[in-house]
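Asks: Mind folding the following:
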Amino acid sequence: MNWVRRYERLVFWSLILVAIGLYSIAGQPPTPASNDSIRRTTWMRQARWGVMTHYLADWQARTNNLEMSVEQWNKMVDGFDVEGLADQLKQAGAGYHILTIGQNPGYYLAPNPTYDRLTGIQPSKCSRRDLVSDMATALARRGIKLIVYLPSGAPGGDRSAREALQWQNGMVPNREFQIKWEQIISDWSKRFGEKIAGWWFDGCYWPNLMYRSPDPPNFQSFAAAARAGNPNGAVAFNPGVVPRLISMTPHEDFTAGEISNPERLEIRRSVGGILDGKQVHVLSYLGRTWGMGEPRFTAEQAAQFSQSVWQAEGVITWDVPVAMNGLISDPFITLLKTIAQASAKPLPSGGSQASQ
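Replies: Next up, the predicted model:
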C-alpha cells in the first residue's frame, strides 16, 4: 500500500502548490485600468487641443435648404473635401480632429454591412464612400489624429432603424439593442482599424441601467467593441452636460467633458491632468451652438477658456461649423489660430497646477 500513500501525498502536495500559486496570483494588486488609459491618451496630452466638426444629414439639410435622401447624402459625402479640411486643421495648429459618423437622422459617413443587415434598410443610408477612413488618411499625412463621434443610442429620427434595433428611449436596460449596437460599432472599428485614435460616445444618460451590469452588454463590452479594430483606441462615454468633470467608468480613457458654458467649468481633484485615473478632457463649441452660427467668443475669451484647462494639464476640444463641402469658415479659422498661439505661451500662473 506504500504506492497508495505516496500517490496520496503527491496529490496532496500538488493541490497545496496549486493553491499557493492561485493565492499568489490573487494576492497581486490588479494592474490599474488607468495605466492603459494613460498609455492610450499620451498623444492627447501632447496635442493639448483639437477641433470637432459635426457633419450630419439633418443639420446640413436645414442649413442648405435641402431635401435629404440617400442619393443626396451620397452626393454630399462624395463632395466632402478631406484634403482641404485637413489643410485647414494643420494650418490652424490643431492636434487632432473629432468627426461625427452620424446621429439622429440615421445617415452615416461610412459603410457598415452589419448595420444594413440588422436594420434591413435599403437602399443603405450608410454612405458608399468611407469618409472616415479618407479623412483619417488625409489627417495622418499632416501628423493629426482622428477620433470619431457616435451616439450611444439608435438614430432617434429613423423609426425603421429604432424598431429593428429594438431601441427604447428612456430608463430601460436596452440589452437587446446594446448587443446589436456593439456589433455595429465593432464592424466600423474593424473597418477603420488603427486609422482612428479613439471614440467619443454621446448620450450615455442611464449608465446604471444600461452599462453597469456585471454581465455583458456593459461598459466593458461596449469599450471592447470600440477597440475591436484598434486596442489602443481611446474611449470616452458622455453622460451629458456636466459642469464638473467626472469619469463614467474604469473602461473609458478620457473624460467626455461636454460643457455649454466653459466659464462654469469645474476640474476638481485632478493630479497631473489625470482625474480618477482618466485624462482630463473638455469639449465645448465656438459657434452659437453645436456646429452652427457665428463665433460667440472673442479670441481672448477662447484663449482664456483653453488656458484654464491647460492649467490642470487637461486637453480641450472646440467644435466649429463646417460648410457642405466640409470646410471651416475664415472667422473660425482665425479663432483656432489664436488658440494655437495661446497653447505655445506660458500659462498665466507660470505653470500647471492640480485642481482641488
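Asks: Would you indicate which residues of stretch 315-332 are buried?
Replies: By 16 or more other C-beta atoms under 10 Å, the buried positions in stretch 315-332 come out as 315-322, 324, 326-328, 332. Just so you know, the C-beta spots here come from the backbone N, C-alpha and C atoms, and that holds for glycine as well.
Asks: ok now it, how far from the chain's centre?
Replies: Relative to the chain's own centre, stretch 315-332 is displaced by 18 Å; criterion: C-alpha atoms, centre = their mean, to the nearest Å.
Asks: follow-up on the earlier one: going by distance to Asp134, which of the buried residues of stretch 315-332 wins?
Replies: Gly326 (10.5 Å; C-beta to C-beta).
Asks: The closest one: what secondary structure?
Replies: Secondary structure state of Gly326, per DSSP: H, G, I helix; E, B strand; the rest coil, is coil.
Asks: how about it, what does it touch?
Replies: With contact taken as C-beta atoms under 8 Å, 6 or more residues apart in numbering, Gly326 is in contact with 53, 55, 80-82, 84-85.
Asks: Mind giving me the PyMOL command for buried ones among these?
Replies: Burial among the contacts of Gly326 is assessed by 16+ other C-beta under 10 Å; the matching PyMOL selection reads:
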select buried, resi 53+55+80+81+82+85
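Asks: need the contacts of Gly326 in CSV with secondary structure, pLDDT and distance to Gln307, can you?
Replies: Formatted as CSV, those follow (DSSP: H, G, I helix; E, B strand; the rest coil; pLDDT from 0 to 100; distance: C-beta to C-beta, whole Å):
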residue, secondary structure, pLDDT, distance to Gln307
Thr53, strand, 98, 23
Tyr55, coil, 98, 29
Phe80, coil, 98, 33
Asp81, coil, 98, 32
Val82, helix, 98, 31
Gly84, helix, 98, 29
Leu85, helix, 98, 26
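Asks: which one of the contacts of Gly326 sits closest to Val271?
Replies: Thr53 (31.9 Å).
Asks: residues in contact with the nearest residue to the closest one once chain neighbours are set aside?
Replies: Distance criterion C-beta to C-beta, 6 or more residues apart in numbering; nearest residue to Thr53, sequence neighbours excluded, is Val322 at 4.7 Å. Contacts for Val322 (C-beta under 8 Å, 6+ apart) come out as 53-55, 85, 291, 328.
Asks: Also Lys125?
Replies: By C-beta under 8 Å, 6+ apart, the contact set of Lys125 is 70, 73, 106-108, 158.
Asks: Narrow those residues to those in strands?
Replies: Per DSSP state E, strands hold no members of the contacts of Lys125.
Asks: ok, and the most crowded of the residues you listed?
Replies: Tyr107 (29 neighbours; other C-beta atoms under 10 Å).
Asks: who are the neighbours in contact with that residue?
Replies: Applying C-beta under 8 Å, 6+ apart, we find Tyr107 in contact with 56-57, 68, 73, 125-127.
Asks: quick revisit: and the furthest pair within the contacts of Gly326?
Replies: Within the contacts of Gly326, Tyr55 and Gly84 form the most distant pair, 13.3 Å apart (C-beta to C-beta).
Asks: What segments of the stretch 251-356 of the chain are helices?
Replies: For the stretch 251-356 of the chain, applying DSSP state H, counting those that start in this stretch gives helices covering 299-311, 330-343.
Asks: in the first one, what's buried?
Replies: Applying a neighbour-count criterion of 16+ other C-beta under 10 Å, one finds 299, 301-303, 305-311 buried in helix 299-311.
Asks: Which one of the residues you listed is nearest to Thr249?
Replies: Val309 (21.8 Å).
Asks: Now for that closest one: which residues touch it?
Replies: Contacts here follow C-beta under 8 Å, 6+ apart; on that basis Val309 touches 265, 267, 280, 282, 315-316.
Asks: Likewise for Leu89?
Replies: Per C-beta under 8 Å, 6+ apart, neighbours of Leu89: 51, 97, 139, 142, 144.
Asks: Among those residues, which lie within strands?
Replies: In strands, defined here by DSSP E, the members of the contacts of Leu89 are 51, 97.
Asks: So which of the contacts of Leu89 is the closest to Gly193?
Replies: Once C-beta to C-beta is applied, the member of the contacts of Leu89 that ends up nearest Gly193 is Leu139, at 14.6 Å.
Asks: And that closest one, how far from Gln307?
Replies: Distance of Leu139 to Gln307, computed by C-beta to C-beta, to the nearest Å: 25 Å.
Asks: next one: Arg288
Replies: 23 Å.
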